[in-house]
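>>> Sequence plus the predicted model coming up.
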Amino acid sequence: LPLQDYGETADPVLQGLTDELIAQLSQSYGGQIGVIARSSSGRFAGSDRSAAEIGAALGADYLLTGTVQRLPETTRVTAQLVRVNDETNVWADLYDHGTSATAWSHWARQVTADVGSALGLPTDPGSLVQPGPEVYERYLEGIYYANASTREARARGLELMEGVLDSEPNFTPAILVWARLKRNLEAPSAFMPAVAERLRHAIAVEPRSADAYLELARLQLLHLRDLGGAARSVERALDLSPRMAKAHHTHAMVLSAQGRHREAFEAMQRALLFDPLSAELVSHRGWSHFLAREYTRAIEHSQHALEMEPKSPVARSCILFSAIELGDRATALEQARLLSGLDIASLDEYWRAALEAYAAESRADGYTHGMQALPLVHLDRHDEAMSVLLRACRDGSSWPIAFAAVDPRLDPLRDHPRFDELLACAGLARAPSV
C-alpha cells in the first residue's frame, strides 16, 4: 500500500518510494509472488479499512504497509507485513536513518530483502547497478514527477531521469522511467532510435529485467512496426515475471493486434488478477472486445470502467464506437457530447470538432496523429483519411496504426487501393476474418 508520509508537506522523494518498493519486489521475486500494481493498491492510501477488507478487494494474501517521517535529526521509517486471512503481523521493523540522501540508497533494498526473508523466498540482488545516494534521491524524485498528471510535471521527471543517467548510464530502473517519459512527451521520430538503443543496453546490463523487455515490447508494438519482435519481448518478460499485470496487459495488446482475440481476453483476465481495481485495465478490456467485434461486451466492460473512473475518456470512446457499430446513434451521440463537452446536435458535428482537435494536437506535437483519420472516415473523406494514416505510420504514431489489421473503425477503408500500403508500412498482414 502507499507509504504514509507524516511530513508537514508532500515530499516527492518519499512519495516515489512506494513505486520503487513495488518495482524492487517485482524485480526480485516476480517469478515467485505477484505484487499488486499501484493503480489498484493506491486506492487504499490512508484507508481505515481492515486488512481483511483491503486484502479481499485486492485479491491479496499479504499487505505491506509503512510510514515515513522526516525529523530534524533522522528519518524514521516503519514497515510491516500483514497476513490478510487472520490479520497477523508476519514481520515488522523500524528504520532510523540520518537526514542525508544515503537513507534512501539502501532502504528499499533492505525492506525488499526483509520481506523476502519473512516469506521464505530466496534472496535476489535486484538491480545489479546501484547509484550513489544523491543520484538515487534524484531518481526517486523523478519517479514522483513521472507519475504526475500534467505534462509540465512529467517534463520535470524526464529532466531528473536524464540527470540520473548522465551520472549512472547503466542504472536500468532509471532507463525504464526515462524511456516511458520519452514516449509520452516527444514525437516518435525524435525518441524511437535513442529509446530502442537504450532499452537494448538495459537488457544487456540486466538480462533478467522483465521491465526492460516489457518497455521494449511496447516500443516495438506501438512505434517500431515490429509485431513479431514485440511478441518475443513480452513473452520473455512473462518468463521472467509471470505475475506482472502490465506484462499480461501488453501481451493482450500484442495478441489483439495479431487477431488472436480469445487469447487476448485470457491475458487481460490474468492482468486483472494482479491489478484488479485498475480502471485503465478494465477499459482496455473493453477495447479488446471491441477489436474482436464483440460490441455489447465492450460496452459492458467500459461501463464498469466508468463506475471506477467516471471521467475516463478511454472508456467513453469505446462506448461511442461500439454504439456506432451496433447502430445505436442515441447512445453514440450521448457519449460524443460527454467526450467533447459540447452541446452538439449530430455526430457529424462531433466529428468535425474532433477533426479540428486532432489536427491541432498534431501541429503542436510536430507529427501526424493516426487518430486524426477517424473523424475523416466518419465524414466519408476516405482519401484524406488514408493519407493521414500513411503519414502517421511513417511518423511512428501508435493508434490506430498498430491495430490496423483488425480495428473495425477502419473497415470503410479496407477496399481502398492504398490500404495494403498502410498494412505494409505497419508491418501487418490482412486479418483473415476482416
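In hand now; what should we look at?
>>> where along the chain do the strands fall?
For the chain, the strands defined by DSSP state E cover 4-5, 62-70, 75-83, 88-97.
>>> What pLDDT does the model give residue 112?
pLDDT for residue 112: 87.
>>> Read off the pLDDT value for residue 26.
For residue 26, pLDDT reads 84.
>>> Which residues are in contact with it?
By Cβ atoms under 8 Å, 6 or more residues apart in numbering, residue 26 lies in contact with 35, 210, 211, 241, 244. Where you see a C-beta, it was placed from the backbone N, CA and C, and this is true even at glycine.
>>> Now do the helices in the stretch 151-300 of the chain.
Using DSSP state H, counting those that start in this stretch, the helices of the stretch 151-300 of the chain run over 151-167, 172-185, 188-205, 210-222, 227-240, 245-257, 261-274, 279-291, 295-308.
>>> Need the CA coordinates for the fourth one. PDB is fine.
What it means is helix 210-222. C-alpha atoms of helix 210-222 as PDB (Å, rounded to 0.1, in the frame of the first residue of the first chain):
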ATOM      1  CA  ALA A 210      11.300  -8.200 -17.100                       C
ATOM      2  CA  ASP A 211      10.500  -4.400 -17.100                       C
ATOM      3  CA  ALA A 212      13.200  -3.800 -19.700                       C
ATOM      4  CA  TYR A 213      11.800  -6.400 -22.100                       C
ATOM      5  CA  LEU A 214       8.300  -5.100 -21.500                       C
ATOM      6  CA  GLU A 215       9.200  -1.500 -22.300                       C
ATOM      7  CA  LEU A 216      10.900  -2.700 -25.500                       C
ATOM      8  CA  ALA A 217       7.800  -4.700 -26.400                       C
ATOM      9  CA  ARG A 218       5.600  -1.600 -26.200                       C
ATOM     10  CA  LEU A 219       8.000   0.300 -28.300                       C
ATOM     11  CA  GLN A 220       8.100  -2.500 -30.900                       C
ATOM     12  CA  LEU A 221       4.300  -2.800 -31.000                       C
ATOM     13  CA  LEU A 222       3.300   0.800 -31.000                       C
END
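>>> From the structure, what's the count of residues near the closest residue in space to residue 163 that isn't next to it in sequence?
Nearest in space to residue 163, with sequence neighbours left out and distances taken as Cβ to Cβ, 6 or more residues apart in numbering, is residue 138 at 5.9 Å. For residue 138, the count of nearby residues is 19 (other Cβ atoms under 10 Å).
>>> Quick check: residue 138 touching residue 166?
No: using Cβ atoms under 8 Å, residue 138 makes no contact with residue 166, being 10.2 Å away.
>>> what's the spacing between residue 302 and residue 309?
Distance, residue 302 to residue 309, by Cβ to Cβ, to the nearest Å: 11 Å.
>>> ugh, typo on my part, it should be residue 431
Using Cβ to Cβ, one obtains 31 Å as the distance from residue 431 to residue 309.
>>> got it, and residue 43?
10 Å.
>>> next one: residue 271
Taken as Cβ to Cβ, the span from residue 271 to residue 309 is 17 Å.
>>> which residue packs closest to residue 365, ignoring adjacent ones?
Residue 365 sits nearest to residue 187 (Cβ to Cβ, 6+ apart), 5.9 Å away.
>>> Please tell me I have it right and that neighbour contacts residue 363.
No: with contact defined as Cβ under 8 Å, residue 187 does not reach residue 363; the gap is 11.7 Å.
>>> which one of the two has more residues nearby?
Using other Cβ under 10 Å, the more surrounded residue of residue 187 and residue 363 is residue 187, with 15 against 11.
>>> List the residues that contact that one.
Residue 187 neighbours (Cβ under 8 Å, 6+ apart): 365, 366, 367, 395, 396.
>>> same question, residue 129
168, 170, 171, 172, 205, 206.
>>> Check residue 182 too.
Each residue near residue 182 by Cβ under 8 Å, 6+ apart is listed here: 158, 191, 194, 195.
>>> Which pLDDT value goes with the first one?
Read that as residue 158. For residue 158, the model assigns a pLDDT of 98.
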